[in-house]
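Colleague: Quick one, what's the 3D model for this:
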Amino acid sequence: MAASTAQPSPHGSRRWRTLCLVVTALVVAFGAVLSTGVGGPEVSQTISNLGLCAAAVSAALACLVRAAAFRGRMRTGWALLGLGVLSWGVGQAGAVWLETFTGSVPLPSQADLGYLGMILLSSAGLLVLPVAAQTLANRARSVLDGLMVAVSLMLIAWFLIIEPLLDAGGDSTVALYLSLAYPLGDIVMVTIVIYMLALQRRRGHTFAHLALVGAGIVAFAVSDIGYAYLNLTGAYASGSVTDIGWFAGFSLILLAAGKPIVAPAADEQPALPLDGEGGQPFGVLLPYVAVLASLVTSVIFFSRTGQNTAFVAYTRSVLILLMVGRQLLTLLENRNLTRNLETRVADRTAELYASEQRFHALVQHSSDVVTVVGTDGVVLYQSESVQRIFGYRPRMLTGRALTGVLDAESASRLADALRSVSGRPYATTVLELTVPHRRLGLRQAEITITNLLGDPNVGGLVLNTRDISERKELQEQLVHEAYHDALTQLANRALFRERVAEALETRGAADDVTVLFLDLDGFKEVNDSLGHLAGDQLLVRVADRLTASVREGDMVARFGGDEFAVLIRSALGAGEAELVAQRIVDELHEPFRIDTRDLHVRGSIGLAAYAVLAEGEATDTHADDAEQLMRNADLAMYKAKGAGGSSFASYDPQMLAGLVERLELEADLRLALDRGELRLHYQPTIDMADNRVIGFEALVRWQHPVRGLINPLDFIPIAEATGLIVPLGRWVLEEACRQAMEWAARDGRRPVKMAVNVSVRQFDRSDLPTVVREVLTATGMPADQLCLEMTESVLMTDTEENLAQLVRLKALGVTLAIDDFGTGYSSLAYLRRFPVDTLKIDRSFVERLGEQADNTALANTIVQLGQSLGMSTVAEGIEEYGQLAALRDMGCTFAQGFYFSRPVPAAEAGRLLREGAGAQSSAA
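Modeller: Just a heads-up that it's a prediction; the model follows:
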């Protein structure tokens, strides 16, 4: 097997062509010197001796290099061929040495061992080269073919070479036989080469390399014949014209070894064909060509000399016997071939019959109905599967126009399809038709029509019909599920968006398209308290009411959860969308009866009309406009929900501007912590007894690089909604504790009390106690000097879990306070259960102290409640001395407000801590 199966590269081909030119030039130069005798006999002799040695060694090295590129028998064959050439080169070197130092080369001599070594080694190498796999009969025929070629060449050599040499005589018998051995050896090698070329032709392989080797051996044979004759007559001398053949022979072998590898050739290759399969005439006729050549040679020789020897007679007899044996083998092969052919024909006939029966069974039992019709639509053939699939017997349709079975529309479409393909051989078309079943009514069918009018075995238009009714039903079901809500069977978001786009596309100049976006108020409480089954039942009832509330032609959709939408088409300015929205709001006021309960939910509705969108937000495509309408309705819905719910609101372009501003603010807030834009301001807490600053409440401020100082009411809700309040709250906690410790280190005293607000998002996280502990540890802040403030709403949701959270925080040693007390649930039960230390009276009660007795009484009640529970009280929002005096009379413990100080930066707060809360407090 070759080392590579790739085609020779262009570089390799160019290199070989260059080698051919160089070798040709050398052969011509060598032949010219020896033919003309330029420089005298000594020059010719020197050039011949050196040239033959160099040529032999070069050819041997090239063969050995070529052997390295192969494996198996191919490598061995080229290696033996190279060693044979090298053996000749060694013999030539010995002859040159004898001639140089003794003055002559006797026959026989040591050099003849090298020359004869080439015959043995090269012949062995040629025989080792791989050949095609052969049967026993083919192998015997190949042996006979080789013998016929060898005997024929021997007979030719007898007439042309051997007999003249015998007649010429020689110095000794050994010299005679040695002289004859060279041309006879060449005949053997030429025979092997010719036979190998024949086998290569039978295998369909290239034989350029072997042909070059054979040509080289033929050149060798010419020189060997001349050498034998001249040597026996005593006329041979080194450097004569006879040496040209040897030089040319080695040059051809060199070219054969240097020719690029084109394809692999090895005995290990399993795909080689058997000898005789696809054989070439050259390989078959070669033995007869050789016999014919020997016959012609013998006739010519006999006509010229009139002599006939025993050797010639015996040789002819052997040839006749070999030819008879070969013919007998050929007869046996023909008989075997005939039997094999008959068996193969029988097998092929049986295979075709089985294939025909199999095809017939497949057609009859196929899930497709096969019909052959003429160009007029008359059925020429109908498969039996039509009875199983459509209920008709084949004879009911054969000879009948197929269009007569179908309804008018389907018949017209089928006729058009038949005409479209009838003029184009082997054309195909596919169509879907409604086909009547004999018992089951109308069915959907897919028909593939193929024009086989030109096929003599068919001669018609072939219709392959398949019942696709179930597939169509499944497809329609999948489409319905893809575009409808599974619970309420209303349209879903995808279908609603398509319908809005269609409405915008078909909208007239005086028409308007409005989208209503509905979100239920209180639905989450129903789901959480009664379960999802009750929630699903409620959604179905809501869907029914929405469908009953809209006009005919309006479209109701459910987007998921408790979100619904309505598409309304109306005249511009008619106000029909608002009327529909009001009807929906009114309908939702009525309770829903679910099992044994009456459930109350309300709806917040946002309206977005295309007339408003067209003023500046319309896009180039209806699909984008549909998306914009739906977004605008969503914005309007949030406005309605923010107004208290159970109402509707219409979209205004300012809503979008506010949303964009909110998104920009959110994006900036995400970067504010990293950029160091957040600051803490501190509002002092005053002891009512001695007006001392006993602590601070840390309040976050945002110094925006473009917008300036942003109100906390603008960005704290955004932080709550996005979850940014969690990292923001931790930063506030760390900064407040750090600042308290910095003041303590500066003044050399215990850290001041620091109050920090905790949001709902922070409190809902189970890691809040861990975060507080880490901050206390990192800053060194004493736990009892940290107060965490939270609103009543935080404490009233998930009471048991919140109680556990407060207990974990209290275990750290921190103080807990309820901020804005009195504005929430104000339940005495949870005050007794929760480990709260401080109540902060909301500013709404403080700012109206003295105006109404009820307000004074409520604030006083909160103070008394705190005292009874052992809690301290902090009054927020004190701005006047009268408020301070009233709270002091009530027994309120601590106070905060602008009367003492506004929230101030850390430096100003440090001054207040040293000097007190300002002139107001002193005057008080």
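Colleague: so what pLDDT did Ala609 get?
Modeller: On the pLDDT scale, Ala609 is placed at 90.
Colleague: That one: what's it in contact with?
Modeller: Shown in contact with Ala609 (C-beta atoms under 8 Å, 6 or more residues apart in numbering): Asp512, Val513, Thr514, Ala577, Ser650, Tyr651. Where you see a C-beta, it was placed from the backbone N, CA and C, and this is true even at glycine.
Colleague: Run through the bridge partners of it.
Modeller: Thr514 (DSSP bridges).
Colleague: For Ala581, see how far away it is.
Modeller: Distance of Ala609 to Ala581, given as C-beta to C-beta, to the nearest Å: 12 Å.
Colleague: Please identify the helix or strand for the closest residue in space to Tyr426 that isn't next to it in sequence.
Modeller: Leaving aside its sequence neighbours, Tyr426 sits nearest to Asn451 (C-beta to C-beta, 6 or more residues apart in numbering; 5.9 Å). Assigned by DSSP states H and E, Asn451 belongs to strand 441-452.
Colleague: now for that strand, which elements pack on it?
Modeller: Contact partners of strand 441-452 among helices and strands, from 3 or more C-beta pairs under 8 Å, 6 or more residues apart in numbering; DSSP states H and E: helix 408-422, strand 428-437, strand 460-467, helix 469-483.
Colleague: which of the ones you listed sits most buried?
Modeller: Most buried of these by mean neighbour count (mean count of other C-beta atoms under 10 Å) is strand 460-467; its value is a mean of 20.
Colleague: partners of that one, with directions?
Modeller: Sheet partners assigned to strand 460-467 using DSSP bridges are listed as strand 369-373 (antiparallel), strand 441-452 (antiparallel).
Colleague: still on that earlier bit, and the strand holding Asn451, C-alpha only, in PDB?
Modeller: These are the backbone C-alpha positions of strand 441-452, laid out as PDB (Å, rounded to 0.1, in the frame of the first residue of the first chain):
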ATOM      1  CA  GLY A 441     -68.300  12.900   5.000                       C
ATOM      2  CA  LEU A 442     -65.700  15.400   3.800                       C
ATOM      3  CA  ARG A 443     -62.100  14.800   4.400                       C
ATOM      4  CA  GLN A 444     -59.000  16.900   3.800                       C
ATOM      5  CA  ALA A 445     -56.500  15.400   1.300                       C
ATOM      6  CA  GLU A 446     -53.000  16.200   0.000                       C
ATOM      7  CA  ILE A 447     -52.500  15.200  -3.600                       C
ATOM      8  CA  THR A 448     -49.100  15.000  -5.400                       C
ATOM      9  CA  ILE A 449     -49.500  14.900  -9.200                       C
ATOM     10  CA  THR A 450     -46.600  13.600 -11.300                       C
ATOM     11  CA  ASN A 451     -46.500  13.600 -15.100                       C
ATOM     12  CA  LEU A 452     -45.400  10.200 -16.200                       C
END
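Colleague: what's in contact with it?
Modeller: Under C-beta under 8 Å, 6+ apart, the answer for strand 441-452 is 372, 390, 414, 417-418, 421-422, 424-437, 458-469, 472.
Colleague: Surely Thr434 is in contact with Leu406?
Modeller: Yes: between Thr434 and Leu406 there is a contact under C-beta atoms under 8 Å: 7.5 Å.
Colleague: for Leu849, what are its contacts?
Modeller: Counting by C-beta under 8 Å, 6+ apart, Leu849 makes contact with Asn855, Thr856, Ala859, Gly882, Gln883, Ala886, Leu887.
Colleague: Give me the ChimeraX select line for these, limited to the buried ones.
Modeller: Burial among the contacts of Leu849 is assessed by 16 or more other C-beta atoms under 10 Å; the matching ChimeraX selection reads:
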select :855,856,859,883,886,887
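Colleague: is it possible to export the contacts of Leu849 to CSV including pLDDT?
Modeller: Shown next, in CSV, are those (pLDDT from 0 to 100):
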residue, pLDDT
Asn855, 60
Thr856, 74
Ala859, 83
Gly882, 86
Gln883, 88
Ala886, 88
Leu887, 88
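Colleague: Pick out whichever of the contacts of Leu849 sits closest to Leu322.
Modeller: Nearest to Leu322 out of the contacts of Leu849 is Ala859 (C-beta to C-beta; 138.4 Å).
Colleague: next one: phi and psi at Val874?
Modeller: Main-chain torsions, Val874, degrees, to the nearest 10: phi -130, psi 120.
Colleague: brain fart, Val458
Modeller: Main-chain dihedrals, Val458, degrees, to the nearest 10: phi -120, psi -60.
Colleague: one step back: helices - which of the contacts of Leu849 land there?
Modeller: Counting by DSSP state H, the part of those found in helices is Asn855, Thr856, Ala859, Gly882, Gln883, Ala886, Leu887.
Colleague: How about the third one: what's its closest non-neighbour residue?
Modeller: Yep, that's Ala859 we're talking about. Per C-beta to C-beta, 6+ apart, closest to Ala859 is Phe845, 4.6 Å.
Colleague: Kindly indicate whether the one you found is helix, strand or coil.
Modeller: Following DSSP: H, G, I helix; E, B strand; the rest coil, the label given to Phe845 is helix.
Colleague: mind listing what it touches?
Modeller: Residues in contact with Phe845 (C-beta under 8 Å, 6+ apart) are Gly822, Asn855, Leu858, Ala859, Ile862.
Colleague: The strand holding Asn451 vs helix 469-483, what angle?
Modeller: Angle of strand 441-452 versus helix 469-483, following axes from the mean of the first three to the mean of the last three C-alpha atoms, to 10 degrees, is 110 degrees.
Colleague: Strand 441-452: how far from the chain's middle?
Modeller: Counting by C-alpha atoms, centre = their mean, to the nearest Å, strand 441-452 is centred 37 Å from the centre of its parent chain.
Colleague: So which of the contacts of Ala609 is the closest to Val218?
Modeller: Of all these, Val513 has the smallest distance to Val218: 98.4 Å, by C-beta to C-beta.
Colleague: so what's Arg738 scoring on pLDDT?
Modeller: 94.
Colleague: Look up phi and psi at the closest residue in space to it that isn't next to it in sequence.
Modeller: Distances taken as C-beta to C-beta, 6+ apart put Thr779 closest to Arg738, at 5.1 Å, once the chain neighbours are dropped. Phi and psi for Thr779, reported as degrees, to the nearest 10, are phi -100, psi -20.
Colleague: What is the burial count for Thr779?
Modeller: 20 (other C-beta atoms under 10 Å).
Colleague: mind checking how far it is from Ile694?
Modeller: Thr779 sits 20 Å away from Ile694, going by C-beta to C-beta.
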